[in-house]
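Engineer: Please work out how this folds:
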Amino acid sequence: MFGILAAEEGVKTITRLKWLGAPEAWISVLIFLGLIALCAFIYSLERSIASKGYKIFLAVFRVIVIGIILLMYFEPIISTDQIEVRQATTLLLIDESSSMSFKDRYEDTKVLSAIADALALSDDEVKGMERIELVKRALGSSRIDFIGNLSRKNSLRVYLFSEKLSLLGSAPKGTPFRFLAKTPEQSKNWWEQLKADGNETRLIDAINDSLNDMKGQRVAAVVVISDGQNTSGALSADFLIESANRAGVPIYTVGVGSTYEPKDIALLSLDAQETVLKDDKVPITFRVQSQGYENQNVEAILEVDGKKVDAKTLTLLGGGAVQTSSFTYKPTEVGEFELTLRIPVNEDEQFKDNNLLTHKIKVVDQKIKVLYIENAPRWEYRYLKNALVRDRTMQVQCILQEADPSFPQESTEGIPSLTEFPTGKKELFDNYNVVILGDVNPAHFRHSLSAEQMEWLKEFVDKMGGGILLIAGENYMPSKYANTPIEDMLPIILGRQMGADLWRSLEPRTKTFHMKLTPEGKESTIMRLKDDPSENVEFWEDADKKEENSLPGLFWYYESEGAPPTSVVLAVHPKDMTSSGKPRPIIAYRYYGKGTVMFVGVDSTWRWRFGVGDLYFYRFWQQAIRFLATRALLGKTKQYSLSTDKVRYYAGQTVTLSAFVRDKDYEPLKEPYQMATVMEPDGSRVPLKMALDERNPGNYTATYIPKRLGFYKVWLGGTEIAPEEALAHQTFRVEVPPLEKSKPAINEALLKEIASKTGGAYFHLSQIAEVPKRIESIEETISTEVNERPLWDKWYILILFTSLITVEWIARRLRRML
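Structural biologist: You can find the predicted model right below:
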């Protein structure tokens, strides 16, 4: 070995002599010793006049010459190798989900005292701190020096996780941790910036993603600081354990929280229409989750603007179960009101901020304007038209394509009859909130729906917030609307029936079926035909298969191929499946731009009238039409519309606002921005600038991140405008993610399972200082040969050989030796 030179940190260069053709060392030694002996023997036989010393001198020369020949045969080279020493990495994952914001109760005082002693706090201080605050205290403790001790063992990478995994920073072995911040000030005391506001905990996915992030690099260990909740994600614990074992990575878990199962009553949701009609019965549905109050009765109270209007007694299920109940409210005054639902707080509840929900409603004293178009007076049309004409809350005008020109098209009393489809889009936009398209022939010789008129309908929904109700028929709807603007809006995927499937669809139907409600359908007010949620499901699905306590069955339905991802499916066929193996949708809706499109894939709901008249038949259709009219009734004028991408958000989520603004002639505005105002739950107003989408004139967008839980209102216009004077407005609600509060206790079982089955260990937060001691310091040495220089074929070796053999030959001739 000739020497070692340091090239860079972690990399060394080693230069050494190597023999490519040499035998093992002991054989080489024997060969050289044999050569010496042979040369000595040969010169001992010489009978010349040379002295003994002269012969020894020549023998040495002979040994050197033969030795050079052997050395050339052994192929000596100078080899330069690069040796890289790679330090393994420890991965630290910190949970930032909402459950880390809980304050725990500790029944075991030893656990409480252990945490207090480890973090240099009093017992009372620990009780008053959130889980994330305790983690911050542990990470910032100079006495524990957790981060420093980890980085002295191996390189360090720190991740945060809740819904997804994000890299916070890294540090090579033995160097200060570098926080990935925009400014040095942010890097100082980086742990103070941790916050528990994630809406989900994807614990298993996060650990697996961190290992995937290090593919090709050695991981010494994974350390996870979490309460162990895994409320979402695609992977199982078994999959993670197998992956970690395959990679040879131990997982060390640090549990945060208490095993105490707290008592709690939580109102999870409050659902009601945002716009309702005066003197109408408004269904209000809510969900309650309870823990620790099995079979206990509580009172649910409904208030309107702070005044109690109704109450009911609930028997709680407990055990974390969710139950659904409802109220019916009849508003008698026009205006905007705040509904409040509350359940009185018990003293021993863990969370005292989730027993109340609010919901804003707008009560209007105006009729819903409906345009109903059908091809022929089928039974569905006859009964629905009659009910709409009688409904004092509706203003309907009908068009029958097959009617004789002299036949007076029907309409609400006092409203003129129509003779044709609106001749201009302004007429359509101004006069209707909802358009019903039955089994309409788009190519009818007298009342056809032209491509231009279909574009009007598309704009009516997309830009004006109108609603369209599509009622399937065996002749035209929706099969004849493929490749039209109507297909673009459909909440179902058109069926492509061929061969045997086509013939089967044309066969007479002799057996009835009952639709099956989806989870969304069970919660929807559209599908509420019975006030009790469980009775309602049984009523729709014919649970006893006798039709004694259910809707009459139906025969025909349109066989769609499923629904787009943006659709909400409310009911499906109980048996028939699409080609992809999913239940065929029958009733579905989707939000399209500012408005809503709904599809009902049956044509004989009139059968529901048997023995009861319009009780269930028209209740369904009325609820559907009112739902579709909601967005159109929200705005003050159709020149302006404002919407949010959702009506309910969880803490930390971004609200996306969209507005569409037209001039008095309904032409899109092109001004660079529009001002909007957000009213927060405490009444404060925040101005918001909405920017023009230059590719789509009239469209303005903005984003907003709510900072508080509660009810928000946003409107077009400045902060000085009263909400009721706004050109258009919208409301939304911000809530705590229900999954994060469903199981507040620490999940020690999961944390222990992951640790024990991967060769790691579980520690409670009070033992966090012990974690770095258990992690091995691992180095990986990688040798790379970068250069080889052969010596045996160099010119100077040949000159040396020639010179030595010449000298020996001359010396021998001088002494007359053979």
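Engineer: Against Asp205, how distant is the residue nearest to the spatial centre of the chain?
Structural biologist: Nearest to the mean C-alpha position of the chain, counting by Cα atoms, centre = their mean, stands Glu163 at 6.4 Å. Computed as Cβ to Cβ, to the nearest Å, the Glu163 to Asp205 distance reads 9 Å. For glycine as for every other residue, the C-beta is placed from the backbone atoms N, C-alpha and C.
Engineer: same question, Ser411
Structural biologist: Taking Cβ to Cβ, one finds Ser411 at 58 Å from Asp205.
Engineer: go on, Ile797?
Structural biologist: Relative to Asp205, and taking Cβ to Cβ, Ile797 is found at 65 Å.
Engineer: got it, and Glu667?
Structural biologist: Distance from Glu667 to Asp205, by Cβ to Cβ: 49 Å.
Engineer: Just want to know which of those two has more residues nearby.
Structural biologist: Neighbour totals were compared for Glu667 and Asp205, and Asp205 leads with 21 against 11 (other Cβ atoms under 10 Å).
Engineer: quick one: the more buried one and Ala234 touch, right?
Structural biologist: Yes: using Cβ atoms under 8 Å, Asp205 is in contact with Ala234, at 6.3 Å.
Engineer: list the contacts for Arg202?
Structural biologist: 161-165, 230-233 (Cβ atoms under 8 Å, 6 or more residues apart in numbering).
Engineer: Now do the helix or strand Ser170 falls within, average pLDDT.
Structural biologist: According to DSSP states H and E, Ser170 maps onto strand 165-171. The average pLDDT for strand 165-171 rounds to 86.
Engineer: now swap in stretch 664-675 and tell me
Structural biologist: 84.
Engineer: thinking again about what came up before, does the residue nearest to the centre of the chain touch Asn199 like I think?
Structural biologist: Yes: between Glu163 and Asn199 there is a contact under Cβ under 8 Å: 6.0 Å.
Engineer: mind giving me the domain split of the protein?
Structural biologist: The chain breaks down by the TED database into domains covering 10-85+786-815, 89-259+745-777, 264-364, 368-495+556-634, 640-739.
Engineer: could those go into JSON lines alongside distance to Ser534?
Structural biologist: Output for the domains of the chain, formatted as JSON lines (distance: least, Cβ to Cβ, whole Å):
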{"stretch": "domain 10-85+786-815", "distance to Ser534": "67"}
{"stretch": "domain 89-259+745-777", "distance to Ser534": "26"}
{"stretch": "domain 264-364", "distance to Ser534": "8"}
{"stretch": "domain 368-495+556-634", "distance to Ser534": "17"}
{"stretch": "domain 640-739", "distance to Ser534": "21"}
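Engineer: between the ones you listed, which one is nearest to Lys522?
Structural biologist: Checking the domains of the chain against Lys522 by Cβ to Cβ gives domain 264-364 as the closest, at 8.0 Å.
Engineer: Any idea how far apart the tips of the closest one sit?
Structural biologist: This stretch, domain 264-364, spans 38 Å end to end (Cα to Cα, to the nearest Å).
Engineer: likewise stretch 542-558?
Structural biologist: End-to-end distance of stretch 542-558 (Cα to Cα): 21 Å.
Engineer: avg pLDDT for that stretch?
Structural biologist: 82.
Engineer: Repeat that for stretch 233-252.
Structural biologist: 91.
Engineer: where do the helices sit along the stretch 451-600 of the chain?
Structural biologist: Remark: helices assigned in the stretch 451-600 of the chain by DSSP state H, counting those that start in this stretch are 451-462, 485-489, 499-506, 519-523, 533-541.
Engineer: cool, the stretch 601-750 of the chain as well?
Structural biologist: Under DSSP H, counting those that start in this stretch, the stretch 601-750 of the chain gives helices at 614-634, 738-742, 748-756.
Engineer: gap between the first one and the chain center?
Structural biologist: Think helix 614-634. Chain-centre distance of helix 614-634: 33 Å, with Cα atoms, centre = their mean, to the nearest Å.
Engineer: To what extent is Arg584 buried, counted in neighbours?
Structural biologist: 22.
Engineer: Looks like it contacts Pro574 (just checking).
Structural biologist: No: contact status for Arg584 versus Pro574: not in contact, 9.9 Å apart, counting by Cβ under 8 Å.
Engineer: Identify the neighbouring strands of the strand holding Ser170 in the sheet and state each direction.
Structural biologist: strand 155-161 (antiparallel), strand 178-179 (antiparallel) (DSSP bridges).
Engineer: Which positions in that strand come out as buried?
Structural biologist: Using 16 or more other Cβ atoms under 10 Å as the test for burial, strand 165-171 gives 165, 168-171.
Engineer: Tell me who's in contact with Thr109.
Structural biologist: By Cβ under 8 Å, 6+ apart, the contact set of Thr109 is Asp123.
Engineer: What backbone torsions are found at it?
Structural biologist: Phi and psi for Thr109, reported as degrees, to the nearest 10, are phi -70, psi -20.
Engineer: What of the one 5 residues further on?
Structural biologist: As for Ala114, its main-chain torsions (degrees, to the nearest 10) stand at phi -60, psi -40.
Engineer: Can you spell out which helices and strands pack onto the host helix or strand of Glu84?
Structural biologist: Here Glu84 sits within strand 76-87, counting by DSSP H and E. The elements that strand 76-87 packs onto, with contact taken as 3 or more Cβ pairs under 8 Å, 6 or more residues apart in numbering; DSSP states H and E, are strand 11-19, strand 779-790.
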